[in-house]
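**Student:** Structure of the sequence below:
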Amino acid sequence: MKLGELATRLGAELRGDADLEITGVKGIEDAGPTEVTFVANPRYAGLARKTQAAAVLVEPEFPEIEAPTLRLKNPYLAFSRALSMFYQPPAYPAGIHPTAVIDPSAQIGAEAHIGAYVVIGPGVKLGDHATLLPHVVLYPGVQVGSHLFAHAHSVVREGCILGDHVTLENGAIVGADGFGFAKDEAGHWEKIPQSGPVRLGNRVDVQANACIDRATVGATEIGDGTKVDNLVQVGHGSRVGQNTLLCAQVGLAGSSVIGNNAILAGQAGVAGHCSLGDGVILTAQSAVSHDVPPGKMISGSPGFDNRVWLRAVTIFQRLPELLKRLDRLEKKVSAQEAETSTPTEIEDRQ
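**Tutor:** Presented below is the predicted three-dimensional model:
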């Protein structure tokens, strides 16, 4: 593909040779003379001046560099779209593998690809253009919209409902039992039935080995466009809004409520029955056990306002030094008091 054609397809302003031949897309340190790269983080601006890439995707105000540039508002998104023009994932033609086990009462939409050893239970409704790779299991009563893409060993439990264009990565579990137990008179933990399904909206991605638990009663809900990263735990009865990111190893205790467009960074945690408003950001390894109003950025464990946390961390690093200074001051004050005190005052203090 010519660089000029790529610029046109991305809607970018090209500054450079439109006839350059482009064969692929790579990171800024690895891209060669026929490949395109991007700069979205100012930290990498210096690398753009030294890159061997054929062209660099940058923001409109980015300074001129030796390499040709494609200028547009969102270089990272443009990089993703350029990548999709050159990388073609494996194609899975419509058809049902002979080892798949499909209950006669299941309804399979048009153009489905059903891979080896897939199991589809009674009463399942699977929309058009689904792709189910080997060992996927859909329990009884599952309802799925169009264009499901379920990678190997993903599982959707009984009665769960998935919207359109849902992607389940390897080992994702939708609708496993919530962690609910009650202690009986003998002190033994008795399992509480988990009767409520999981409902995933449209364009939801659930990454590898993430678990979204079914509800005790009601439903566990994930809104349209939300992305659930690897090893995330969504507790039973939780509700997550639209276009929210739950990053690696995030944990939501039961009945958590997360708003729209929130970001919970890696290993962040939310205690049960807490509510986080729209646009909330929890930075990595933060933990909250209280409600958080919309738009707040929270850090630390226990979590509090990010700006205060940044100052507190700075002070924390200086605590050994401050302790030494305090110790010296106390000794100095004690010595001064000893020099100016009368024998009677010293005896009274003792």
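**Student:** Just list whatever residues bridge to Arg71.
**Tutor:** Bridge pairing for Arg71 (DSSP bridges) gives the partners Glu13, Val58.
**Student:** Give the burial count for it, as a bare number.
**Tutor:** For Arg71, the count of nearby residues is 18 (other Cβ atoms under 10 Å). To be clear about C-beta, it is placed using only N, CA and C from the backbone, and glycine gets the same treatment.
**Student:** Surely it touches Gly11?
**Tutor:** No - using Cβ atoms under 8 Å, Arg71 makes no contact with Gly11, being 10.4 Å away.
**Student:** what residues does stretch 256-265 touch?
**Tutor:** Outside of stretch 256-265, the residues within contact range by Cβ atoms under 8 Å, 6 or more residues apart in numbering are 223, 234-235, 238-247, 250, 252, 270-286, 294.
**Student:** Of these, keep whichever come out buried.
**Tutor:** Buried residues within the contacts of stretch 256-265, defined by neighbour count using 16 or more other Cβ atoms under 10 Å: 223, 234-235, 238-247, 250, 252, 270-271, 274-283, 286.
**Student:** Let's see which of the residues you listed end up in strands.
**Tutor:** 234, 239-240, 245-246, 252, 270, 275-276, 281-282 (DSSP state E).
**Student:** ok, so of the residues you listed, who is nearest Ile212?
**Tutor:** Nearest to Ile212, judged by Cβ to Cβ, of those is Val234 at 4.4 Å.
**Student:** Show me what that closest one bridges to in the sheet.
**Tutor:** The partner residues for Val234, given DSSP bridges, come to Ile212, Leu252.
**Student:** correct me, but it touches Thr226?
**Tutor:** No - counting by Cβ under 8 Å, Val234 stays clear of Thr226, with 10.1 Å between them.
**Student:** Common neighbours of those two, please.
**Tutor:** Counting by Cβ under 8 Å, 6+ apart, the residues touching both Val234 and Thr226 are 240, 246.
**Student:** tell me the domain ranges of the protein?
**Tutor:** Using automatic domain parsing, the domains assigned to the chain come out as 3-86, 154-307, 319-349.
**Student:** Quick one: end-to-end distance for the longest one.
**Tutor:** This points to domain 154-307. The first residue of domain 154-307 is 40 Å away from its last residue (Cα to Cα, to the nearest Å).
**Student:** what about stretch 184-197, how long is it end to end?
**Tutor:** 26 Å.
**Student:** Quick check: buried residues in it?
**Tutor:** The neighbour-count check on stretch 184-197 (16+ other Cβ under 10 Å) flags 194, 196-197 as buried.
**Student:** any residues touching that stretch, and which ones?
**Tutor:** Contact with stretch 184-197 is made by 157-161, 175, 177-178, 180-183, 213-220, 236-237, as judged by Cβ under 8 Å, 6+ apart.
**Student:** what do you get if the cut-off is 7 Å, keeping everything else the same?
**Tutor:** Stretch 184-197 has contacts (Cβ atoms under 7 Å, 6 or more residues apart in numbering) with 159-161, 175, 177-178, 180-183, 214-220, 236.
**Student:** so how far is it from its chain's centroid?
**Tutor:** Relative to its parent chain, stretch 184-197 has a centroid offset of 31 Å by Cα atoms, centre = their mean, to the nearest Å.
**Student:** Quick check: mean pLDDT of it?
**Tutor:** Mean pLDDT, computed over stretch 184-197, is 97.
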